[in-house]
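Peer 1: Next comes the sequence, and after it the predicted model I'd like to discuss.
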Amino acid sequence: TSTDSSTSYSYHHLHKVQLELGLPHDATFGDTLDVCFKELLRAVTTVHRNNVVHRDIKPDNLLIDPLNHSFVLIDFGSAADMDPTSSKKNMLGFGGRIGLDDGNGDGVLIADNIVALSPIYAAPETFIKWDRAPLNFDTFSVGLIFCQLMFNLLDERMDAAFHQQLRQAGHDLDLWLERSLTSTLRPDGLDGALMYMGERPGLWKLVSEMLHPNQEVRKTSIGALRNFEQILYNMDNDDIAEKDLTFDGPYFTSVLSSLESCEISNTDEEIRKKIFEDLSYTADDTTIESRTQPNDFLILPRPLHFVATFERSVSLGLILSEPDEADENMDEDARLAWDRGIAGAQPGEVFIREIIEGGQAEEMGIFEIGDRIRSIAEIPFVSGGFGKVLDMLQAVPKNSKTVKIHFDRKPASIYYEKNKPATHSAKLIGQGAWSSKGMRTAQEDAIVLQEIGDRTNGDVVIAGVFDGHGGDAASKTASQLMPSLFANELSLGGGKGDQNITQALSSAWNDTCESYREGCTIYGECVADFDPIQGIILAGTGSKDLVAGTTASVVTFLNSLDGTDEVTILNCGDSRTLVVASSSGANVDHQLKNIPVIQFVTRDHAPKDKEEAERLLQGKEAGLGFSQPQCSVSRWWLKVGDYQYAISRSLEGIYATSKGIISTPDISKISLTGILNESELATIIIASDGLFEVMDDEEVGREVLKMRYSGMSAEENAKNMCNLAMKKRTSDNVSVIVLYFE
């Protein structure tokens, strides 16, 4: 929404429709949408009262009548008359219903009778039957059009995407919303739509009923119009006592309560700064950040904020309590952990008091007594006590088989004096990669796992995951172009030393980004993927102005006969690289349940990150027009045109880059030799954010080490991690690379 400085009018994405309908210039988004929905329903109910089903209701078949502030429905070429005694039939000489796909309604389809329908707006049943609520076919189409008007999804790409996403969610609007809230890229209309719905209790439920997959349960057009008029009446009358948001169900109510609630803690980044010593050096006029472990300490990190995905059909395996509900029978260690966890707690907060043996939580091996609940199903939890936690768990969309819960905990970093035995180089002994498109209709991720060299003094390995959004143009380009540019930079640098590898990696990424952006400008081939024949968007969302983008996490190292001392890691965005290991000489079963395994993890470039927020603010103050982090439905976003991005660094087109989503990476150098001096089973995991959407870093590390310890190959390990993410119901593509060292 923008405002004209010469007036007090607010211009929204339906402003042109507002003017064409002849509405006043000062009409709001809500006023315009109310008229659109009411007039849509009125047009359809007029047709339905004549016992005719249109079957091709879509924006192209709607004309605007500005004199009457209404819609006119046209093109009845796909319509069917449901009245066998209609005078129209007698006049036309037909003796039965007109337009049925099965002729006489006996269920046998007749090829000559089947009509063409728009797949974007057609109801799930596709074919109508005279005895199964045929008129409700149109009700579904009206519900779709209303959602697209409301969510700003009327672009030719986005309208197809919405129907596709809704179908993947089983036509459950709650489940569609839950998945939308976790996406990296989403249309900007969601916030305004939720506010509009929140001001009209009962409307979310009404639209959900109009989109029901069963036509016999679906709301009729006449019933929908009656309900909507009652909703508007209730909204305009302050004396109506029934303004109860629970009309729309517990999940939608919890979403509304979190519209402006976002996590603002940066504790994990502050601890990270204590753990890693920041160094910088210059290579080809490019400043590269390099984080290395301190020389005097071995650090065992523990996550301070993490997500866990639970099966809903099984108990969580946790006993949760408020701060004043301690168990008098706690042993000394448990009591100490509890007291540390609840220190400074506010009334109504909820913590883990006990981890039940053999339960889901213990199997994950990532929980501690004193961990605090921060959100449930992406809805923030701040206070309200144990009762509210139960209510939020019960409010999770009924079709969702899993529930994601976010936790945080007090920092308690442990430092051990490091012994300094003789060094030995780390050797790569296994590698594997796997990718799955999951619940998406297309794969936007790309993987690189290659060796570069002449095998005389050893090859250089490059392994990386590129997580595309808005299509696969950027991820595919980066995965194909970057290895060759990297090889070229290595040859120009005259060697394969660690310093040269780092410089070559940085230059290759920068050249890849420049080439992609130049190609988008010249050829225009980077617009989000769209299949005009089937009418579907291959990406999760898109528009004619949206340029496909990609995050990247890439690892390189010298793979000689003597092994390698360190690896160089490039990270841009929210794909992630983890270095994990188990303690030398420790009982592995005990290790994988009780001791942190993560040795290093890359930093996510998200708008909530303190460093990113400062960079964006500096860009704005310098007049660069950078977007600023905005809180919306429990997450931080950057507004770019008609879209919201949940990342602040990525390879994007020129426009998104101009708004502050830059492709400058973090480049870190990690000593594998140092890790192996103190640990065993050193393993590197590179993965797209579809994995971390449903699993915490520590849980990922433990699972990978557990499978490696059992004798599983790196390839099987990567495959199983993808399958595990699918089992936990990730909504994104998942790609995983696993590298074994010894």
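Peer 2: Right, received. Where do you want to start? Nothing here was measured: the structure is a model prediction, and the numbers come from that model. Numbers count the residues shown, from 1 in each chain.
Peer 1: start to end distance for stretch 146-161?
Peer 2: Stretch 146-161 has an end-to-end distance of 15 Å (criterion: Cα to Cα, to the nearest Å).
Peer 1: Check stretch 621-636 too.
Peer 2: Termini of stretch 621-636 sit 20 Å apart (Cα to Cα).
Peer 1: how about the one helix or strand residue 361 maps to: buried residues?
Peer 2: Using DSSP states H and E, residue 361 sits in helix 360-364. Neighbour-count burial for helix 360-364 flags 360, 361, 364 (criterion: 16 or more other Cβ atoms under 10 Å). Quick note: C-beta positions are derived from backbone N, CA and C, even for glycine.
Peer 1: what about the residue nearest to the spatial centre of the chain, which SS state?
Peer 2: By Cα atoms, centre = their mean, the chain has its centre lying nearest to residue 183, at 2.1 Å. Classification of residue 183 using DSSP: H, G, I helix; E, B strand; the rest coil returns coil.
Peer 1: in terms of contact, does it touch residue 731 like I think?
Peer 2: Yes. Residue 183 lies in contact with residue 731 (Cβ atoms under 8 Å); the separation is 7.4 Å.
Peer 1: In this structure, where is pLDDT below threshold?
Peer 2: By pLDDT under 70, the weakly predicted segments of the chain are 1-11, 84-116, 155-159, 238-246, 260-305, 411-424, 454-458, 493-499, 521-545, 584-594.
Peer 1: Now for it: which helix has the highest residue count?
Peer 2: helix 498-523 (DSSP state H).
Peer 1: quick one: buried residues of that one?
Peer 2: So, applying 16+ other Cβ under 10 Å, buried residues of helix 498-523: 498, 500-513, 516-517, 520.
Peer 1: Tell me which other helices or strands that helix touches.
Peer 2: strand 277-283, strand 286-292, helix 473-493, strand 549-559, strand 566-572, helix 654-658, strand 666-671 (3 or more Cβ pairs under 8 Å, 6 or more residues apart in numbering; DSSP states H and E).
Peer 1: tell me the most buried of these?
Peer 2: strand 549-559 (a mean of 28; mean count of other Cβ atoms under 10 Å).
Peer 1: can you dump the C-alpha coordinates of that one into PDB?
Peer 2: Only the C-alpha atoms of strand 549-559 are listed here, as PDB (Å, rounded to 0.1, in the frame of the first residue of the first chain):
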ATOM      1  CA  GLY A 549      17.300 -16.300  -7.000                       C
ATOM      2  CA  THR A 550      19.400 -18.700  -5.000                       C
ATOM      3  CA  THR A 551      21.300 -19.100  -1.800                       C
ATOM      4  CA  ALA A 552      24.600 -21.000  -1.600                       C
ATOM      5  CA  SER A 553      26.700 -22.900   0.800                       C
ATOM      6  CA  VAL A 554      30.000 -24.200  -0.700                       C
ATOM      7  CA  VAL A 555      33.000 -26.100   0.800                       C
ATOM      8  CA  THR A 556      36.400 -26.500  -0.900                       C
ATOM      9  CA  PHE A 557      39.600 -28.100   0.200                       C
ATOM     10  CA  LEU A 558      42.800 -29.700  -1.200                       C
ATOM     11  CA  ASN A 559      42.400 -33.500  -1.400                       C
END
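Peer 1: That one versus strand 566-572: what angle between them?
Peer 2: Orientation check (axes from the mean of the first three to the mean of the last three Cα atoms, to 10 degrees): strand 549-559 against strand 566-572 gives 170 degrees.
Peer 1: Which parts of the stretch 201-350 of the chain are strands?
Peer 2: 277-283, 286-292, 297-300, 305-311, 318-321 (DSSP state E, counting those that start in this stretch).
Peer 1: Next, work out how far apart the residue nearest to the centre of the chain and residue 307 are.
Peer 2: Distance, residue 183 to residue 307, using Cβ to Cβ, to the nearest Å: 15 Å.
Peer 1: what about residue 221, how many residues close to it?
Peer 2: When neighbours are defined as other Cβ atoms under 10 Å, residue 221 has 25 of them.
Peer 1: residues in contact with it?
Peer 2: Applying Cβ atoms under 8 Å, 6 or more residues apart in numbering to residue 221 gives the contacts 41, 44, 45, 48, 135, 136, 138, 139, 142.
Peer 1: got a winner among these for most neighbours?
Peer 2: That'd be residue 139 among the contacts of residue 221, by other Cβ under 10 Å, with 29 neighbours.
Peer 1: what residues are up against it?
Peer 2: Counting by Cβ under 8 Å, 6+ apart, residue 139 makes contact with 44, 210, 218, 219, 220, 221, 224.
Peer 1: so the fifth one makes contact with residue 134?
Peer 2: Looking back up the chat, that one is residue 220. No. Taking Cβ under 8 Å as the definition, residue 220 is not a contact partner of residue 134, at 11.2 Å.
Peer 1: More neighbours: which of these two?
Peer 2: Each of residue 220 and residue 134 has its neighbours counted (other Cβ under 10 Å); residue 134 has more, 25 against 18.
Peer 1: Now do the same for that one: helix, strand or coil?
Peer 2: Taking three-state DSSP as the rule, one finds residue 134 in the coil state.
Peer 1: For residue 580, give the beta-bridge partners.
Peer 2: residue 598, residue 683 (DSSP bridges).
Peer 1: need the contact list for it.
Peer 2: Going by Cβ under 8 Å, 6+ apart, residue 580 touches 597, 598, 599, 681, 682, 683, 684, 685, 701, 704, 705.
Peer 1: what about it, distance to residue 717?
Peer 2: Relative to residue 717, residue 580 is positioned 12 Å away (Cβ to Cβ).
Peer 1: Common neighbours of the two, please.
Peer 2: When contacts are counted by Cβ under 8 Å, 6+ apart, residue 580 and residue 717 are jointly contacted by residue 704.
Peer 1: Now intersect the contacts of residue 221 with the helices, please.
Peer 2: 41, 44, 45, 48, 136, 138, 139, 142.
Peer 1: Output those residues as a markdown table; include the columns distance to residue 695.
Peer 2: Listed next are the ones in helices among the contacts of residue 221 as a markdown table, based on distance: Cβ to Cβ, whole Å:
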| residue | distance to residue 695 |
| --- | --- |
| 41 | 44 |
| 44 | 45 |
| 45 | 49 |
| 48 | 49 |
| 136 | 41 |
| 138 | 43 |
| 139 | 40 |
| 142 | 40 |
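Peer 1: among these, which two are most distant?
Peer 2: Farthest apart among the ones in helices among the contacts of residue 221 by Cβ to Cβ are 41 and 136. That separation is 13.0 Å.
Peer 1: Provide the secondary structure category for residue 435.
Peer 2: Assignment for residue 435 (three-state DSSP): strand.
Peer 1: what about it, how many residues close to it?
Peer 2: The burial count for residue 435: 20, using other Cβ under 10 Å.
Peer 1: Report the contact partners of it.
Peer 2: 443, 445, 447, 722, 733, 734, 735, 736.
Peer 1: Show me where the stretch 51-200 of the chain has its helices.
Peer 2: 87-92, 136-151, 158-168, 173-180, 190-198 (DSSP state H, counting those that start in this stretch).
Peer 1: between these, which one is nearest to residue 696?
Peer 2: Nearest to residue 696, of the helices of the stretch 51-200 of the chain and by Cβ to Cβ, is helix 173-180 at 19.1 Å.
Peer 1: List of residues touching that closest one?
Peer 2: 165-166, 169, 186, 190, 204, 207-208, 211, 249, 251-252, 255, 377-378, 396-400, 731.
Peer 1: Would you mark the buried spots in stretch 346-361?
Peer 2: Neighbour-count burial for stretch 346-361, counted by 16+ other Cβ under 10 Å, picks out 349, 350, 351, 352, 353, 354, 355, 359, 360, 361.
Peer 1: any idea how far residue 381 is from the third one?
Peer 2: Yep, that's residue 351 we're talking about. Residue 351 is 12 Å from residue 381, by Cβ to Cβ.
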